[in-house]
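Participant: Fold the following, please.
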Amino acid sequence: MTVDRAVFVFAGLVVLAGVALGHYVSPWWLLLPVFAGLNMIQSAFTGFCPAAMVFKTLGFKPGAAFH
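Facilitator: Next up, the predicted model:
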């Protein structure tokens, strides 16, 4: 798995977890998917993604988006 795919999987899990927690626990958890979405937007423009840095450190193969 490449860094790019790992970032997409992680972002998807964060969004789904935030929506589920927002529905079942507290509406304040809906801020989690908002944060994930804002992070995806800023990384599209800047190329900086903290999750990509973590996955690189863990030894995932480089992808096209985050080198």
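Participant: Can you work out which other helices and strands pack against the one helix or strand L32 maps to?
Facilitator: Using DSSP states H and E, L32 maps to helix 31-46. Judged by 3 or more CB pairs under 8 Å, 6 or more residues apart in numbering; DSSP states H and E, helix 31-46 is in contact with helix 3-24. Glycine gets a C-beta too; all of them are placed from N, C-alpha and C.
Participant: Tell me which residues of the helix it packs on come out buried.
Facilitator: Of all the residues in helix 3-24, those buried under the rule 16 or more other CB atoms under 10 Å are V3, D4, A6, V7, F10, A11, V14, V15, G18, L21, G22.
Participant: just to revisit the earlier point, if you average the pLDDT over the helix holding L32, what comes out?
Facilitator: For helix 31-46, mean pLDDT rounds to 95.
Participant: Grab the nearest non-local neighbour of the residue nearest the centre of the chain.
Facilitator: Centroid-nearest residue in the chain: A11, 2.9 Å away (criterion: CA atoms, centre = their mean). Counting by CB to CB, 6 or more residues apart in numbering, A11 lies nearest to A36, which is 5.4 Å off, once chain neighbours are set aside.
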